[in-house]
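In: below is the sequence, then the predicted model.
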Amino acid sequence: MGNQRTDEMGCPYHGYGMPEPDPKLVGMSEECDRLSDEKDKLVKEKKDCEDFFKELHYLNNNTKERILSEYDDKIENCSELHRAISERLCELGYSA
């Protein structure tokens, strides 16, 4: 690494004087982005289901609630994972 520039803590720089990002943190940040996109998609799908169910008067209410509840569970899971990864990135000095 002979003449490679480093910051005061010895971390290598890359372009524009920024320290090279840790691949693990980059992966965590990418996972946050993916979870956010997945959550948005699930929220839209749930809304589409709700709109569709309004048209299906004969569909059993328990069936409707079960299907919508599954979306709620998936949305909450995405939110919790996103929150946990974001908090960890913040603890490490990065933002998601």
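Out: Done, it's in.

In: so where do the helices sit in this protein?
Out: Residue ranges of the helices in the chain, as given by DSSP state H, are 23-55, 61-91.

In: okay, those in TSV with mean neighbour count and mean pLDDT next?
Out: Where C-beta positions appear, they are placed from N, C-alpha and C, glycine not excepted. As requested, these are exported to TSV (neighbours: other Cβ atoms under 10 Å; pLDDT from 0 to 100):
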stretch	mean neighbour count	mean pLDDT
helix 23-55	14	90
helix 61-91	14	91
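
In: wait, doesn't S79 sit right on S36?
Out: No: applying Cβ atoms under 8 Å as the test, S79 and S36 come out as separate, 9.2 Å apart.

In: ok, now how distant is E70 from L42?
Out: 10 Å (Cβ to Cβ, to the nearest Å).

In: for D48, same thing?
Out: Shown here: D48 relative to L42, a distance of 11 Å by Cβ to Cβ.

In: what of K64?
Out: Between K64 and L42 the computed distance is 17 Å (Cβ to Cβ).

In: R34 now?
Out: From R34 over to L42 the distance is 12 Å, taken as Cβ to Cβ.

In: same check on C32?
Out: According to Cβ to Cβ, C32 and L42 sit 16 Å apart.

In: how far does stretch 51-58 sit from its chain's centre?
Out: The offset between the C-alpha centroid of stretch 51-58 and the centroid of the whole chain comes to 31 Å, using Cα atoms, centre = their mean, to the nearest Å.

In: grab the most central residue of the chain for me.
Out: If you average the C-alpha coordinates of the chain and look for the closest C-alpha using Cα atoms, centre = their mean, you land on L35, 2.6 Å from that point.
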